[in-house]
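Trainee: Sharing a model that was predicted from the sequence below.
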Amino acid sequence: MSAPDTPRMSTSLRRYADDHRSASQTLLERTLRFIGADIAFADDVLGDLVQERARRAAVRGAWAADLWYVAEALRSIPHLAWHAVRHGGHRGRTHVAALLAMTALAVTMAVFALRTAEDVPVRLEVDGQRTTNTVDGIVVHTTHPVRLAMRALDAKGNPMKSSNVRYRWASGAPVGVAANGIVTCAHAGDAILRASLGALAANVRVHCLPVKEVRAEMWLHLVAGGPPQELAFVALDPDGLPVNRLAGEVRVKDSTIVTLHKGVIRPIAPGHTNVSMRFGDGEASTQISVYEPIHSFEDLHRGQRFVVAPLRVARGDTLRWPLPLGLFFLTYQRAADSEPIPSFSAEGPIMCLPEFGPTVEFVSCLARGPGASLRIVHPRGSTSVISGSLSLERRPSP
């Protein structure tokens, strides 16, 4: 018996069916077909995923089901691609390599586009450094050449490499400026410089205010927990005139003893430190001793190295204060500059240099044995009560 005739599909009808089936396929199915994967094998894998997604959508919702499907499909891609390489032969391997190359190229171009967009400078501004950093420009206190510092920022405000910033003089005082930003302020004056980085440009105001010398108080005596005190110093130009607009460095050596904020010193704990001031070609420092307030020098323990006690001497009074062993400094501070100072003399196994006197308020003493004391007498010729304070600063034991 002959086999029944099987109707053949016309060429145009077959092309229509193939096009219709391709149009209904997902992007993943089309990709697998392109690289030569076994469609029946791919359909089995993807069909299972589709069925499970439908079940999860009914139980957990469409959003959770879609997330699960994407994750599982991504996990299946390496296995399907390897099957395609084995099943598709040379043509399949070629298509897989081409697809990987296209993917890598797309990722590289996207990353490059993002990096390029982020790396475009949109603003130039003055960068902070010890000789600069004011709100409306740069203050230069030295007559020696200094390099300006500008930084470029991207659209998000992130700093970028700005070593190619170029400079030129625009107007104002005749300030010497090199293309790389080295400025020489030979004289006082204001100048406008033009800073540019490619097509980006900005005007920079430079204030030339030379400082030749800084003068400050040599010593401050403060009480722990007491009132703050303004740090007294002055910066002078080459002609000896004060420079009021300053941009430099003021630094506390030990901030556990004192703190500095806007030129005000606040005593924190007993001890000794210093504050250094540097502006242009001038620098100075102020030594600061902070003392623990006590009533007298009796019964001091070894840990009390910085102490201060109030002193009040009436007419005709003679006081004797015991002194500890070892090396220490004594400093008398008057309550008012117009008041006289009492008469001091060391007694017992102790030596003090220089000797206390009407103009000597600071001495160094060495007590070699017990029984040393300080004799305090109301000065002759004065009838008023003298009040002040006497501080003792012990040197550490060797």
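Mentor: Nice, I can see it.
Trainee: just checking, what packs against the strand or helix carrying residue 195?
Mentor: Taking DSSP states H and E as the criterion, residue 195 maps to strand 189-197. Packed against strand 189-197, as judged by 3 or more Cβ pairs under 8 Å, 6 or more residues apart in numbering; DSSP states H and E, are the following elements: strand 150-153, strand 166-172, strand 200-208. No exception for glycine: its C-beta is placed from N, CA and C like everyone else's.
Trainee: Which positions in the helix or strand following the last one come out as buried?
Mentor: Counting by DSSP H and E, the element after strand 200-208 in chain order, helix or strand, is strand 213-216. Across strand 213-216, burial judged by 16 or more other Cβ atoms under 10 Å covers 213-214, 216.
Trainee: swap in stretch 313-321?
Mentor: The neighbour-count criterion (16+ other Cβ under 10 Å) identifies 313, 321 as the buried residues of stretch 313-321.
Trainee: Now do the end-to-end distance for it.
Mentor: With Cα to Cα, to the nearest Å as the measure, the ends of stretch 313-321 fall 13 Å from one another.
Trainee: Could you list the buried residues of the longest strand seen in the chain?
Mentor: Taking DSSP state E as the criterion, the chain has its longest strand at strand 282-293. Residues of strand 282-293 classed as buried by neighbour count (16+ other Cβ under 10 Å): 282-286, 288-292.
Trainee: how about the helices and strands packed on strand 189-197, which one is nearest residue 251?
Mentor: With Cβ to Cβ as the criterion, residue 251 lies closest to strand 200-208 of these, at 22.5 Å.
Trainee: Distance from that closest one to the middle of the chain?
Mentor: What separates the centre of strand 200-208 from the centre of its chain is 24 Å, taken as Cα atoms, centre = their mean, to the nearest Å.
Trainee: That strand pairs with which strands?
Mentor: Strands that pair with strand 200-208, judged by DSSP bridges, come out as strand 138-140 (parallel), strand 189-197 (antiparallel).
Trainee: could you give the angle of that strand to strand 166-172?
Mentor: Using axes from the mean of the first three to the mean of the last three Cα atoms, to 10 degrees, the interaxial angle of strand 200-208 with respect to strand 166-172 works out to 60 degrees.
Trainee: For strand 200-208, what does the pLDDT average out to?
Mentor: Over the span of strand 200-208, the pLDDT mean works out to 87.
Trainee: what's the closest non-adjacent residue to residue 365?
Mentor: In space, not counting the residues next to it along the chain, residue 365 is nearest to residue 352; the distance is 4.1 Å by Cβ to Cβ, 6 or more residues apart in numbering.
Trainee: Distance from whatever helix or strand that neighbour lives in to the middle of the chain?
Mentor: If you go by DSSP H and E, residue 352 is part of strand 350-353. Strand 350-353 has its average C-alpha position 48 Å from the chain's average C-alpha position, going by Cα atoms, centre = their mean.
Trainee: just stretch 299-319 next, same as before
Mentor: Using Cα atoms, centre = their mean, the mean C-alpha position of stretch 299-319 is found 44 Å from that of the whole chain.
Trainee: Stretch 237-248 too?
Mentor: 27 Å.
Trainee: again with stretch 285-304
Mentor: 35 Å.
Trainee: what do you get for stretch 258-275?
Mentor: Chain-centre distance of stretch 258-275: 21 Å, with Cα atoms, centre = their mean.
Trainee: Now it: buried residues?
Mentor: Across stretch 258-275, burial judged by 16+ other Cβ under 10 Å covers 258, 260, 265, 267-268, 270-275.
Trainee: Let me know the closest of those to residue 318.
Mentor: So of those, ranked by how close each gets to residue 318 (Cβ to Cβ), first place is residue 270, at 29.6 Å.
Trainee: hey, which of the strands paired with strand 200-208 is tucked in deepest?
Mentor: For the strands paired with strand 200-208, the largest average neighbour count (mean count of other Cβ atoms under 10 Å) is found in strand 138-140, namely a mean of 24.
Trainee: Excluding chain neighbours, what is closest to residue 316?
Mentor: Across the structure, with Cβ to Cβ, 6+ apart as the measure, the residue nearest residue 316 apart from its sequence neighbours is residue 378 (6.1 Å).
Trainee: sorry, back to before: out of the buried residues of strand 213-216, who's nearest residue 388?
Mentor: residue 216 (23.7 Å).
Trainee: so where's the stretch 251-398 of the chain shaky on pLDDT?
Mentor: 358, 397-398 (pLDDT under 70).
Trainee: what's the burial count for residue 63?
Mentor: 9 (other Cβ atoms under 10 Å).
Trainee: does it count as helix, strand or coil?
Mentor: Counting by DSSP: H, G, I helix; E, B strand; the rest coil, the backbone at residue 63 sits in helix.
Trainee: per-residue pLDDT, it?
Mentor: Taken from the predicted model, the pLDDT recorded for residue 63 is 80.
Trainee: show me the contacts for residue 260.
Mentor: In this structure, residue 260 makes contact with 231, 250, 252, 266, 275, judged by Cβ atoms under 8 Å, 6 or more residues apart in numbering.
Trainee: Try it again at 7 Å.
Mentor: The neighbourhood of residue 260, defined by Cβ atoms under 7 Å, 6 or more residues apart in numbering, consists of 231, 250, 252, 275.
Trainee: Can you name the residues bridging to the second one?
Mentor: This means residue 250. Beta-bridge pairing for residue 250 (DSSP bridges): residue 277.
Trainee: Check the gap between it and residue 377 for me.
Mentor: Remark: distance between residue 250 and residue 377 (Cβ to Cβ, to the nearest Å) = 42 Å.
Trainee: Quick check: which element contains residue 54?
Mentor: Residue 54 is part of helix 39-60, with elements assigned from DSSP H and E.
Trainee: Would you mind listing the residues in contact with residue 342?
Mentor: Taking Cβ under 7 Å, 6+ apart as the criterion, residue 342 is in contact with 313, 376-379, 386.
Trainee: just to revisit the earlier point, farthest pair in the buried residues of strand 282-293?
Mentor: The distance between the two most remote of the buried residues of strand 282-293 (Cβ to Cβ) is 34.4 Å, for 282 and 292.
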